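Asks: A structural model of the following input is requested.
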Amino acid sequence: MPFPIETARLILRKYNDRDLMDIMEYSTSSDFWLSRNLDWHPQEEDAKKYWETQRDLRFEDDPQWLSLVIELKDQRKVIGNTGLGVIKSGECKQGTIGWLLGSVYQGKGYATEAARGLLSFGFKEMKLHRISARTGLDNTRSWRLMERLGMRREAHFRQSHRVKGE
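Replies: Reported below is the predicted structural model:
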């Protein structure tokens, strides 16, 4: 598979051990939306355990979810993560994407750039039929990002997704 995925300013790639300190930095200094959506507790042992399992997953195997780190090219620093999951429905494969950025790096277009790179990968390389994303009703920044990507609102699922007990 064509890894890493490179955009103008970013590299989307699999985790390696040198990324842990950067991951801990953005995990522990996160804003409300980021902290409630982390797939690990913002403690070094939990983050390392999560990311080590992600390192072994392969897109070719149509993972339910595969996380990639988002690295700033010019600084060689991990500033967040993005991911893609695959859902098979008969002959069609659909995907779902998501993104998290450290609060210091938000509002600079990095999430949009990373999501565009991952969307391109999903459609061109994985031959996905459809790719969706979801967010909480109150996360207007994420809604606006999805709309910039050309996504459209199709549904409002009530009580269908719990995040940290909410």
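
Asks: which SSE is the closest residue to Glu44 other than its chain neighbours in?
Replies: Of all residues not flanking Glu44 in the chain, Met24 sits nearest, at 5.8 Å (C-beta to C-beta, 6 or more residues apart in numbering). Just so you know, the C-beta spots here come from the backbone N, C-alpha and C atoms, and that holds for glycine as well. For Met24, the enclosing helix or strand under DSSP states H and E is helix 20-28.

Asks: Need the residues that contact that helix.
Replies: 15, 34-35, 38, 40, 42, 44, 47-48, 51, 69, 77-81, 100-105 (C-beta atoms under 8 Å, 6 or more residues apart in numbering).

Asks: Please repeat the previous calculation with a cut-off of 10 Å.
Replies: Identification of contacts with helix 20-28 by C-beta atoms under 10 Å, 6 or more residues apart in numbering yields 15, 34-35, 38, 40-44, 46-48, 50-52, 69-72, 75-81, 100-105.

Asks: picking up where we left off before, distance of the residue nearest to Glu44 relative to Gly98?
Replies: Between Met24 and Gly98 the distance is 20 Å, computed by C-beta to C-beta, to the nearest Å.

Asks: Mind checking the pLDDT average for the helix or strand harbouring Leu145?
Replies: Per DSSP H and E, Leu145 falls inside helix 140-148. The pLDDT scores in helix 140-148 average 90.

Asks: mind listing what's buried in that helix?
Replies: Across helix 140-148, burial judged by 16 or more other C-beta atoms under 10 Å covers 142-143, 145-146.

Asks: want to throw the residues you listed into CSV with distance to Leu128?
Replies: Shown next, in CSV, are these (distance: C-beta to C-beta, whole Å):
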residue, distance to Leu128
Ser142, 20
Trp143, 22
Leu145, 19
Met146, 16
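
Asks: How many residues are close by Thr53?
Replies: A total of 11 residues lie near Thr53 under the criterion other C-beta atoms under 10 Å.

Asks: And Ile97, its phi and psi?
Replies: phi -120, psi 160 (degrees, to the nearest 10).
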